[in-house]
Structure formats: C-alpha cells, structure tokens
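K.L.:
Let me see the structure of the following:
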Amino acid sequence: MNSRLSCADVEILLADYLDQMLLDADVAEVKAHLATCTGCAELAADAAAAMALMDRAAAVEPPPELINRILFEVTSGPSREVVKAPLTQRLFGKWLQPIVQPRFAMGMAMTMLSFGMLLRMSGVREWTDLNPVNLYASAEDHVTRMWDRGVKHYQSLKLVYEIQSRYQEWAAEQDRARERANGDKGDQKQ
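P.N.:
Residues are numbered from 1 along each chain as shown. A predicted model of the protein is given here:
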C-alpha cells in the first residue's frame, strides 16, 4: 500500500495518531507511511516513548498558594512589566479601556443602527435633510398632510351621513306612499 502523505503531513497527524483520535482511513495512511519512511517511524517511536514516560509520572496537584502567587505576580507584582499590555491599552491608555469593550462596541453599533432606522423612517435621505430649516419644513408638510387627510375624511363622513339621511327620508316617504295607496285600495273595496 503506497501512502499519499508526506513527512510533514505525518508530523502534523502524529499526535492525533498516538492519541488514537484519527479516522480509520487516516490511520491506515499514517501506518503505510511509517512502514515506508524510517525517519518518520523513528519520530513516531520516540513520541510514543515520551508519552509512555509521561503516563508513568505521578500526577501532582499544585498547591493553592502557588496559583495565587502566580496570579499576583502577573497582575500586580514586579514581573507585570514583562507581561505585554493589550494593544488597546497601549494605544489609548487605561482611560479608554472600558469604551473598547465588546459590550460597549455592540451597544454603540445598535444605537447607531436605531438612529439610522429612525432617520430613514422619518424621511431623511441625505445629510442636508438634517438642516433645521428642512426638518421644520418636513414636519410642517407632514402636519399639513395629516390635517388635510382628516378634513377630507370628515367631509367624506359628512357626505355619507347626508346621503344616508336622504335615503332614509326617501324610504320613509316611499313607505308612507305605499301605506296610503294600500289604505285607498282598502277603502275602495268596502
């Protein structure tokens, strides 16, 4: 069986191969390469021996005060200067640090999006529309249009009411005329 893997590929896959984390097809290819390449086979044997040595070593729990000392040393101790500060802190200093936090950035993005949507819905299409004179003219135009629509609606209702009243009067006159006509026919029969 000829392997498609190069030595570099085997070096990348070697840790997963030794931990038995590869798929069956990949395992077969790594085994085929190790059978043909003596350098990779020696590397795999050395890595397996190192893993066996680490497995024989006893697991030691670090003392709690060691963890506290390390944390203190890194955050407040003299070795703090060795630890590189984040880029934003180096560029902007500590006073701007809260502003570049992800929560603040997302909040600002949502605020800008909300303002953009409000401006778009209010009819602002360009930056010149934000001129106070243009804003006043736009608001006045909207108020005038709403007033005109209200007046038109009221007049339409008035017209409908007038038509309905006249129809009811006409229907009542028709009913009275029928009753008179029926009454006159009844008198003639007697």
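K.L.:
Surely T88 and W95 touch.
P.N.:
No - between T88 and W95 no contact is recorded; they are 11.3 Å apart, counting by C-beta atoms under 8 Å. For the C-beta atoms, the positions are set from N, CA and C on the backbone; glycine is no exception.
K.L.:
quick one: which of those two has more around it?
P.N.:
T88 (13 against 8; other C-beta atoms under 10 Å).
K.L.:
For that one, identify the helix or strand it belongs to.
P.N.:
helix 87-92 (DSSP states H and E).
K.L.:
cool, and L34?
P.N.:
Using DSSP H and E, L34 maps to helix 24-36.
K.L.:
buried residues in that helix?
P.N.:
The neighbour-count check on helix 24-36 (16 or more other C-beta atoms under 10 Å) flags E29, V30, H33, L34 as buried.
K.L.:
Mark out where each domain of the chain begins and ends.
P.N.:
Domains of the chain are assigned by automatic domain parsing as 7-56, 101-129, 131-189.
K.L.:
Check which helix or strand V143 maps to.
P.N.:
Assigned by DSSP H and E, V143 belongs to helix 132-189.
K.L.:
Need the mean per-residue confidence for that helix.
P.N.:
In this model, helix 132-189 has an average pLDDT of 85.
K.L.:
and it, how far out from the chain's middle?
P.N.:
What separates the centre of helix 132-189 from the centre of its chain is 52 Å, taken as C-alpha atoms, centre = their mean, to the nearest Å.
K.L.:
for stretch 100-107, same thing?
P.N.:
On C-alpha atoms, centre = their mean, the centre of stretch 100-107 falls 14 Å from the chain's centre.
K.L.:
what sits against R56?
P.N.:
For R56, no contacting residues are found, by C-beta atoms under 8 Å, 6 or more residues apart in numbering.
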